[in-house]
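Peer 1: Have a look; sequence and predicted model below, questions after that.
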Amino acid sequence: MSASTGAPAFGARFEAVARRRARHVALAGEGRSLDYATLEATTRAIASRIERASGGREGFAALHFQRKTPCLQAMVAALRCGRAYVPLDPVDPDPRLRFVLRDCAPAVLVTERDAAERARALADGACPVIEIDGDEAPDPPHRLPRVDEAALAYVLYTSGSTGTPKGVTQTQRGILFSADAYAKRLSIHERDRLSHLWSTGFAASSLHFYGALLSGAALCVYDMRRDGMPGLRAWLEAERVNVVHTFPTVFRGLCAAMAPGERFAHLRAIDLAAEAVYASDFALFEAHLREDAIFVVQIGATESDVIAQRVYRHGDPLPARALLPVGTPPEGMTITIRRDDGSDAARGETGAIVVSGDGVSQGYFRRPDLDHQMLPEDAQRPGTRCYVGGDRGWIDEDGSLNFVGRAGSRIKLRGHTVDLAEVDAALAATPGVVRAAAIASSRAEGEEADRIVAYVSAAPGAFADAAALRTALASRLPPYMLPAAVVFLDTLPETATGKIDRQALVQRTARESTHAPVSAAPSSSSLEKLILARMRESLGEPAAGMDDDYFALGGDSIRAADLFERLARDTGTTLAAATLVEAPTARALARAFERARPRPVVPVRLAEGAGPPTLWCIPGLLGDPLWFRPLLFALDPGQRVDGLSLAALEATTIAAVAVHCVDAMLADQPDGPYLVVGYSAGGLIAVEVARELARRGHAVAFTGVIDTVAPGESSGYLDANIPFWRLPRRHMPVRARLVARTWLRRLLRGAIPRRDPGTTARGHALLDGLIGRFQPSVPALARASWRHAATPVDAEITVFRAANPPANPDPALGWGRYALRGVRAFDIAGNHLSLMEGGRSRVLAERLAEALRAAAPPGAIRNDGARPQPAPGAASNTRS
């Protein structure tokens, strides 16, 4: 390790900033906001707990957290007590995390309550486990040790060529150097609010974390992996974030959701890294960021957080190349391009990128073989190392580094360094795999590799499909290292020496599609079709099927974030991108969206019955299916009855209401035959429900309307001979009068505006208040009913007409010209409201039961003498 220079380490720098910025925000996010004084006090207390738990034993502090804010606090605490921290990524499989713990042998494992059970299982008694919540009380008596800047700061485990992860070390001097270089290039100042989007296991995430803290700025925490793209734009605006460090893919997704000419309100700097940056990305910057903003392109590695950076501004001329130059190294670092023979390349000549200087790692943990190969001593600067990682590039006439790609088996996927040899090793260790090779692939010629394709020769019957192999690999590899596609071959191509011919596989990958749809099963809903179309766009796989695994086709967290952003705009429902883990197919994801979004139509069980077919009851304008409750006691025994509550519905057409109703019905009763009846305006819906069910290929055995006049026919539900002031008592039964009285009282109480001193109440305020007191379904259904124009439907319609007075002289209420299979009509004593109550409701129920017996298939409705039982909690509305 490097020798001390006597410069202050992290703790001293942080304490100085905390004193100067004590009451200013240091960390914000996940429902919390910590000022610098609080961050100093809590991290001192956590450091005290780490030291007490370790019992004086030397060693690292392993960190296992689901939430980012307490993890960041634990990182600061570890540095302040002079212990290097080792982040454990919670998405990694247990075998990988156990290897890391065995390899680094920590003195203590720090976790939070929600992750404590898993943390203890991983530690398995090898070290103490302590829980923190980030609100630890200050511990002034605890004296923090003096820490040298040459002390280790962290060990980050990344993909290794031997098939196991390797630990990359960094000193406190190294993180201070990189943080200062980052802050200087982006001109970070105390008033800035920086984003922290990614896992703490990323080396790059320490740039903006320490860059913010050591500058006295605020760090705003957002969990990109959990919350994804859908809420990112709103979060950036709400938190007034003005400096964002992210991947180009995320930046493109944010811009894609913006209107032409729309600009980010607060952003003054966008810093893109971990992927290739194109001239088209700069065009997005000019279109959507303000004129004084800067566009920063940088390249780094776990072994060297900052290799090169370049700042672009509006109007800067760009080279005539698709890829943008990534700039020059910070002061204190040098970049050399070397030929294959080890000599220095000329300017403009492509070769291996060699980085040296203060920001380079001081070595791999307990891996001197890798040190010699990839982090050798710098002969020009004793005490420092060179990083020879296999990246290739060239220096242009301006002195800027131009990145070309990577040599050997190491690739970069979404910010993660992946050694394909580790994927090969995991494949080889999987039971059933005879021989395998992992290849890096890109979706378009000339683009950087963005996925892994595995070629596998397997034992007969070992794997049902690619998904089965991926499932087996998931216990050995983290998600970002899983092959996006798997190609099964009888034998893998070989070279003359008997080795796998990887070049032949690379060529095969370039010219062939590596995926055949798992299932061509058709979709059955518009939502499934929409999600499948969006998945195909996201993956660039037009052959993707309804039951294909999104991740097996090359999907990843970045593409998933963009997919969910689009689906949120399409459906109005926002889900976390992590939903894809449990629902990775279009069909499963559609079910997840159905469960998550507010249901405009809700089934209500009115009578348990013996099972399907269910009689589905659709209410009128009030949208309350309990109006059907009085009918239950006269229906045939064993008849199951469900109502559809429309109280939350705000549809604009009857056809749209019917679609929502059918969706709710199919979720509860997937198979027919279906029995549907509607009352009043609900009759219009019932007819359209029958039409929609038939359109989806389902059998409808019964369609009934209760006192519903067909569209275009005259209707007169009230007796014109009754004086106006007697209408409620003559035409409305007791229950309806009570409902109306209650509604009127509520309307008037909430609608009449209270006059404030100095203001004048206007007449329209009363009308606005009255309308505002209605539940949304009432005016919406009323408008939809008035505008509805029916068309012929391939069904028989059974009409139940209130005869006193009749709404229309035609016993069929005008439905004869719409029902292609004819009309059956029944007259029921009573008026439009009273036929649903008391003795009249019993007559109606008997006629309805008669019609159902005639329509339902033999044996469909049980008749064992038992009365249908109301569902629990369904109160009776009948009168004695």
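Peer 2: Received it, and whenever you're ready, just let me know what you need.

Peer 1: Next up, the contacts around V823.
Peer 2: Contacts for V823 (Cβ atoms under 8 Å, 6 or more residues apart in numbering) come out as E796, I797, T798, V799, A812, W815, G816. From N, CA and C alone the C-beta is placed, and that goes for glycine too.

Peer 1: Now it. Nearest residue, chain neighbours left out?
Peer 2: Leaving aside its chain neighbours, V823 sits nearest to A812 (4.4 Å; criterion: Cβ to Cβ, 6 or more residues apart in numbering).

Peer 1: follow-up on the earlier one: now restrict the contacts of V823 to buried residues only.
Peer 2: E796, I797, T798, V799, A812, W815 (16 or more other Cβ atoms under 10 Å).

Peer 1: Include distance to I706 and pLDDT when you put those residues into JSON lines, please.
Peer 2: Formatted as JSON lines, those follow (distance: Cβ to Cβ, whole Å; pLDDT from 0 to 100):
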{"residue": "E796", "distance to I706": "16", "pLDDT": "94"}
{"residue": "I797", "distance to I706": "11", "pLDDT": "96"}
{"residue": "T798", "distance to I706": "9", "pLDDT": "96"}
{"residue": "V799", "distance to I706": "8", "pLDDT": "96"}
{"residue": "A812", "distance to I706": "13", "pLDDT": "93"}
{"residue": "W815", "distance to I706": "12", "pLDDT": "94"}
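
Peer 1: Can you tell me which of these end up in strands?
Peer 2: I797, T798, V799 (DSSP state E).

Peer 1: which residues does the first one contact?
Peer 2: Going back to what we said before, that points to I797. Neighbouring residues of I797 by Cβ under 8 Å, 6+ apart: V687, T703, G704, V705, W815, Y818, A819, G822, V823, R824.

Peer 1: Out of these, flag the one nearest to L72.
Peer 2: Comparing the contacts of I797 against L72 with Cβ to Cβ places V687 closest, at 60.1 Å.

Peer 1: Now render the contacts of I797 as CSV, adding distance to E291 and secondary structure.
Peer 2: Shown next, in CSV, are those (distance: Cβ to Cβ, whole Å; DSSP: H, G, I helix; E, B strand; the rest coil):
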residue, distance to E291, secondary structure
V687, 59, helix
T703, 64, strand
G704, 66, strand
V705, 64, strand
W815, 66, helix
Y818, 63, coil
A819, 66, strand
G822, 72, coil
V823, 70, strand
R824, 73, strand
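
Peer 1: quick check, nearest of those to A468?
Peer 2: Checking these against A468 by Cβ to Cβ gives T703 as the nearest, at 46.2 Å.

Peer 1: before we move on, the earlier item: kindly reformat the contacts of I797 as JSON lines containing distance to E713.
Peer 2: Listed next are the contacts of I797 as JSON lines, based on distance: Cβ to Cβ, whole Å:
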{"residue": "V687", "distance to E713": "13"}
{"residue": "T703", "distance to E713": "18"}
{"residue": "G704", "distance to E713": "17"}
{"residue": "V705", "distance to E713": "12"}
{"residue": "W815", "distance to E713": "9"}
{"residue": "Y818", "distance to E713": "10"}
{"residue": "A819", "distance to E713": "13"}
{"residue": "G822", "distance to E713": "18"}
{"residue": "V823", "distance to E713": "13"}
{"residue": "R824", "distance to E713": "18"}
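
Peer 1: from the residues you listed, which is closest to I654?
Peer 2: V687 (8.6 Å).

Peer 1: now, the most widely separated pair of the buried ones among the contacts of V823?
Peer 2: Within those, E796 and A812 form the most distant pair, 11.4 Å apart (Cβ to Cβ).

Peer 1: I299 and R310, how far apart?
Peer 2: 10 Å (Cβ to Cβ, to the nearest Å).

Peer 1: Quick check: neighbours shared by these two?
Peer 2: Shared contacts of I299 and R310, counting by Cβ under 8 Å, 6+ apart, come down to V326.

Peer 1: Those two: who's more crowded?
Peer 2: Neighbour totals were compared for I299 and R310, and I299 leads with 25 against 20 (other Cβ atoms under 10 Å).

Peer 1: Correct me if wrong, but the more buried one is in a strand.
Peer 2: Yes. Assigned with DSSP: H, G, I helix; E, B strand; the rest coil, I299 falls within a strand.

Peer 1: Could you pull up phi and psi at the nearest residue to it once chain neighbours are set aside?
Peer 2: Using Cβ to Cβ, 6+ apart and skipping the chain neighbours, the partner closest in space to I299 is V326 (4.4 Å). With angles defined as degrees, to the nearest 10, V326 sits at phi -100, psi 0.

Peer 1: How confident was the prediction at V326?
Peer 2: Note for V326: predicted pLDDT of 95.

Peer 1: Contacts only, for it.
Peer 2: Here V326 is in contact with V277, V297, Q298, I299, I307, A308, Q309, R310, S400, L401, N402, F403 (criterion: Cβ under 8 Å, 6+ apart).

Peer 1: State the mean pLDDT of the helix or strand containing D103.
Peer 2: For D103, the host element (DSSP states H and E) is helix 94-104. In this model, helix 94-104 has a mean pLDDT of 95.

Peer 1: got a list of contacts for it?
Peer 2: 60, 62, 64, 86, 88-89, 109, 118, 121-124, 126-127, 155, 157, 164-165, 167, 365-366, 475-478.

Peer 1: Grab the CA positions of it and hand them over as CSV.
Peer 2: What follows is helix 94-104 as a C-alpha-only set of coordinates in CSV (Å, rounded to 0.1, in the frame of the first residue of the first chain):
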residue,chain,number,x,y,z
ASP,A,94,-26.5,-15.9,-1.2
PRO,A,95,-23.6,-18.1,-2.5
ARG,A,96,-21.9,-15.0,-4.0
LEU,A,97,-22.4,-13.0,-0.8
ARG,A,98,-21.1,-15.9,1.3
PHE,A,99,-18.0,-16.0,-0.8
VAL,A,100,-17.4,-12.3,-0.3
LEU,A,101,-17.7,-12.7,3.4
ARG,A,102,-15.4,-15.6,3.6
ASP,A,103,-12.9,-13.8,1.4
CYS,A,104,-12.8,-10.5,3.3
